[in-house]
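Asks: generate coordinates for the sequence data below:
(one chain, ligands or ions: 1)
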Amino acid sequence: MVVLACALLVVLAVVTDWRARKQQLQEAGATSHNIALALARHADDTFKQADTTLIFLAERLRHDERKPASLRELEVFLAQQTVELPQLHGLFVIDKDGKWLLNSRQYQAGHVNSRDREYYLYHRQHEDLSPHISMPVQSRANGEWVVTISRRLNGADGSFDGVVMAAIRLAYFSKFYENFDIGEGGAVILAGNEGTLLVRRPLRNDSIGKSLAQAAIFRDHAAINASGSARIRSSQDGVIRINSYRHLDRYPLFVAAALSEQEVLASWRSDVLLHVSGLIVLLSLLVWLGGRLIRQIELRVEAENAANHAREHVEFLNRTLQNLATQDGLTGLGNRRCFDEEMVRALRRCAREGKPLALIMLDVDFFKRYNDTYGHLAGDECLRKLSQAIRQGQKREGDLAARYGGEELVLMLPDCDGGNAVAIAEETLARIRALQLPHQGNPNGIVTVSAGVAVLDPVSEDDVAESLIGQADKALYLAKSTGRDRVCTSGASTGAAQLMPA
Ligand SMILES: Nc1nc2c(ncn2[C@@H]2O[C@H](COP(=O)(O)OP(=O)(O)OP(=O)(O)O)[C@@H](O)[C@H]2O)c(=O)[nH]1
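Replies: Predicted coordinates:
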């Protein structure tokens, strides 16, 4: 029972904690998904704002003649836009030879040439007018890391006529990314669709421009799917992270947000530690209490057993005492006291029921001689054997064989008339003869017994034990005096003692 309760508690705790862990991880997945969504929107908006300016700029340059006045006007507009849009490092118009025609930062045009820049080369070679995002580069003006978004300018005949370009500060993204709580082990990135890393938090020296070709988040996920999530163990620091990634809708970029699983589960771990400690205390208490309970039950059972044992012993002692009090030690028959008490009871019962009561008194013939010949101990043994034979005369429940005294034995037979009593006495004498116990002092050569039978039929209220005993004694005397080894009846019931044949 105690073991079952403990097992139940443990199972309950494991299931509860496991579910809490699952929930914590699900919440972390949702958080990283939301962060990725916010980053993608932010990047999309950031580039879109710059791109909108480029579209406007390209339109103006296509329609206006590039007169100094209009160019100055445009340059003022570029400067205003750079102030308006904090993500902008600068806006630039580059002519078909790579020279800076206009720039929002008021640099001396003509000093700087972008002929070798990737975006310039790209647009010169590609006729499409869609925006192009470059690899990250360091500004030639102040060394700041930027990524450019650019569009091709066409002449009236469709030939390459330069580039409009917005340089977007990567620090702008880094600053925005600081707003997110990604913990110590978390990370967010902004990268190109071909796997070039643009921005990373936390920032690493070699982060910008690095290829993600071998990173699992790109190789196995972002390079294949538009968005999704993944649990990835970092090959660099071994940390398991819950990642969510998403490609931008309008530009060839993607973002990813990752949360450290260890950090996500930190509070869950401390909860588990608390639960386990509580559980250990609870289980210890349960085991201790259970142990005490079991010990108390055992003690109670032991005490009950001891009490039962003691009661049985007392009952046994009582029975022994009662037997000792009512049994004759030598013959095992009822003793004199027992006989006296039973006689009074039988007289009363028979008188009440109007039934007869018979008494057979038996005396060993020439027993003195037996003792003298074989010794007193042999005499005792002889008495024991005779008693067993006499005991067989007890045929019904109320019958009693007892030792009246010395070598005199009696058989008290309630509800037994004279005829039956004589018959029982004869049977008893025959049984004794059949024992064939040798007795030199007896003319028959064997131990014999004389019997006197007296009957009160029916017993009256006035009858007393002494008169019945007296009559039986008288009949016994008669049996002795007329040759022994025979049954005589007293004349109590008929008025005269009779000699019965042996
Ligand atoms: N061994 C033994 N002898 C007993 C016991 N009780 C009485 N006796 C003896 O029984 C004998 C009875 O002798 P008596 O009364 O003279 O009668 P008897 O010798 O049997 O002769 P009759 O009765 O006339 O046949 C005595 O010697 C008693 O000592 C007993 O418990 N054990």
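Asks: now the residue in the stretch 301-450 of the chain that the ligand sits nearest to. Nearest residue, chain neighbours left out?
Replies: When distances are taken as C-beta to the nearest ligand atom, the stretch 301-450 of the chain reaches nearest to the ligand at G379, 2.5 Å away. Every C-beta, even on glycine, is put in place using the N, C-alpha and C of the backbone. Take G379 and drop its neighbours on the chain: the residue closest to it by C-beta to C-beta, 6 or more residues apart in numbering is N371, 4.2 Å away.
Asks: per-residue pLDDT, the one you found?
Replies: pLDDT recorded at N371 is 97.
Asks: wait, doesn't it sit right on L377?
Replies: No - in this structure, N371 is not within contact of L377 by C-beta atoms under 8 Å, at 9.4 Å.
Asks: between these two, tell me which one has more neighbours.
Replies: N371 (18 against 9; other C-beta atoms under 10 Å).
Asks: tell me the secondary structure of G332, please.
Replies: Here G332 is recorded as coil under DSSP: H, G, I helix; E, B strand; the rest coil.
Asks: residues in contact with it?
Replies: Shown in contact with G332 (C-beta atoms under 8 Å, 6 or more residues apart in numbering): R384, S387, R391.
Asks: counting neighbours, what do you get for the last one?
Replies: The one in question is R391. Around R391 there are 19 other residues, counting by other C-beta under 10 Å.
Asks: before we move on, what about the first one?
Replies: Residues contacting R384 under the criterion other C-beta under 10 Å number 13.
Asks: wait, doesn't it sit right on T331?
Replies: Yes - R384 is within contact range of T331, at 5.8 Å (criterion: C-beta under 8 Å).
Asks: helix or strand: which one has A28?
Replies: Per DSSP states H and E, A28 falls inside helix 2-63.
Asks: low-confidence stretches in the stretch 251-400 of the chain?
Replies: Counting by pLDDT under 70, the stretch 251-400 of the chain shows no low-confidence range.
Asks: with the chain instead?
Replies: In the chain, residues with pLDDT under 70: 65, 107-111, 205, 491-502.
Asks: now do the helices in it.
Replies: Using DSSP state H, the helices of the chain run over residues 2-63, 68-84, 118-125, 170-177, 216, 261-264, 266-326, 336-353, 367-374, 376-391, 418-435, 465-481.
Asks: in a markdown table, list those helices along with distance to Y404.
Replies: Formatted as a markdown table, these follow (distance: least, C-beta to C-beta, whole Å):
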| stretch | distance to Y404 |
| --- | --- |
| helix 2-63 | 68 |
| helix 68-84 | 142 |
| helix 118-125 | 143 |
| helix 170-177 | 124 |
| helix 216 | 116 |
| helix 261-264 | 105 |
| helix 266-326 | 14 |
| helix 336-353 | 6 |
| helix 367-374 | 14 |
| helix 376-391 | 11 |
| helix 418-435 | 15 |
| helix 465-481 | 8 |
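Asks: closest one to Y245 among those?
Replies: helix 2-63 (6.0 Å; C-beta to C-beta).
Asks: next, the angle from the closest one to helix 68-84.
Replies: On the basis of axes from the mean of the first three to the mean of the last three C-alpha atoms, to 10 degrees, helix 2-63 is oriented at 170 degrees to helix 68-84.
Asks: roughly how far is helix 2-63 from the heart of the chain?
Replies: 39 Å (C-alpha atoms, centre = their mean, to the nearest Å).
Asks: what's the answer for stretch 210-218, then?
Replies: That offset, for stretch 210-218, works out to 49 Å (C-alpha atoms, centre = their mean).
Asks: what does it rub up against?
Replies: With C-beta under 8 Å, 6+ apart as the test, stretch 210-218 has contacts from 189, 191, 195-197, 219, 230, 232, 235, 243, 245, 256, 258.
Asks: what would those residues look like in a markdown table with neighbour count and distance to L317?
Replies: What follows is these, written out as a markdown table (neighbours: other C-beta atoms under 10 Å; distance: C-beta to C-beta, whole Å):
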| residue | neighbour count | distance to L317 |
| --- | --- | --- |
| I189 | 25 | 97 |
| A191 | 23 | 101 |
| G195 | 17 | 102 |
| T196 | 20 | 106 |
| L197 | 20 | 101 |
| R219 | 13 | 96 |
| A230 | 19 | 87 |
| I232 | 18 | 87 |
| S235 | 9 | 90 |
| N243 | 24 | 88 |
| Y245 | 27 | 94 |
| A256 | 29 | 94 |
| A258 | 28 | 88 |
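Asks: and the gap between the residue nearest to G379 and L383?
Replies: 10 Å (C-beta to C-beta, to the nearest Å).
Asks: before we move on, what about R345?
Replies: Plainly put, R345 is 26 Å away from L383 if you go by C-beta to C-beta.
Asks: just to revisit the earlier point, just put the contacts of stretch 210-218 in JSON lines and tack on distance to the ligand.
Replies: JSON lines is the format used below for the contacts of stretch 210-218 (distance: C-beta to the nearest ligand atom, whole Å):
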{"residue": "I189", "distance to the ligand": "121"}
{"residue": "A191", "distance to the ligand": "125"}
{"residue": "G195", "distance to the ligand": "126"}
{"residue": "T196", "distance to the ligand": "130"}
{"residue": "L197", "distance to the ligand": "126"}
{"residue": "R219", "distance to the ligand": "119"}
{"residue": "A230", "distance to the ligand": "111"}
{"residue": "I232", "distance to the ligand": "111"}
{"residue": "S235", "distance to the ligand": "113"}
{"residue": "N243", "distance to the ligand": "113"}
{"residue": "Y245", "distance to the ligand": "118"}
{"residue": "A256", "distance to the ligand": "118"}
{"residue": "A258", "distance to the ligand": "113"}
